[in-house]
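[1] When you get a sec, could you give me coordinates for this:
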Amino acid sequence: MIIIDGFIVVIIQIPYNFLNHYKERYKVTVIFVNDINAAVNGYYHNKLKNNKIESVVGIVFDRVHLPCAGIVIKGEIYTEKSNFAGEVAYMPIGIDWLKLNYHDNEQVCKSIGKRISIISCVLAPRSFVVYGDFSEEDYELGMIKIALEALKTIEGIFVNK
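    Coordinates of the predicted model:
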């Protein structure tokens, strides 16, 4: 473990032939990514690629861990510097994700809707996928409504109905 610019960095040593071993054994392309990046990449390549959609953001909220996002742009997982892209829990928007009451539909929808509206302003993805162990139709409709309302309040943003 080392500290760089005030951040704790844990380096995991992976044997040099780790990826090549599986590539040669199964004769497929092998990538090494975290869970949300893998989920969104799979979703993109299995559900969206043929629809000519170039970008998708998947966000996971599972009550146990801080929320995170996976980003796929033009078929590639976007991670950028130090693989930090997608660490949406650290955006300073005043939500304590560890204290959020996931049984309160309105509180959850407002929190997630706020996150989605911010990501929309920064990345403007063509598609969102929200993962979570609390997801129900009421939550989905509530999050969409709150995110759209937040976007409508931003001058110059036009939202199709």
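[2] Wait, a strand at residue 57?
    Yes - with DSSP: H, G, I helix; E, B strand; the rest coil as the criterion, residue 57 is located in a strand.
[3] Residue 80 versus that one, what's the distance?
    From residue 57 over to residue 80 the distance is 14 Å, taken as C-beta to C-beta, to the nearest Å. Every residue, glycine included, has its C-beta placed from N, CA and C.
[4] Between these two, which has more neighbouring residues?
    Taking other C-beta atoms under 10 Å, residue 57 and residue 80 do not tie; residue 57 has more neighbours (26 against 9).
[5] Looking at the more buried one now. What's its pLDDT?
    With respect to pLDDT, residue 57 scores 94.
[6] Repeat that for the one 5 residues further on.
    Note on residue 62: pLDDT of 77.
[7] What count of nearby residues applies to it?
    13.
[8] Any stretches of the protein with poor pLDDT?
    1-16, 134-147, 150-161 (pLDDT under 70).
[9] Dead centre of it: give me the residue that sits there.
    The centroid of the chain falls nearest to residue 69 when counting by C-alpha atoms, centre = their mean (1.6 Å).
[10] Give the closest residue to that residue in space, chain neighbours not counted.
    Leaving aside its sequence neighbours, residue 69 sits nearest to residue 86 (C-beta to C-beta, 6 or more residues apart in numbering; 4.2 Å).
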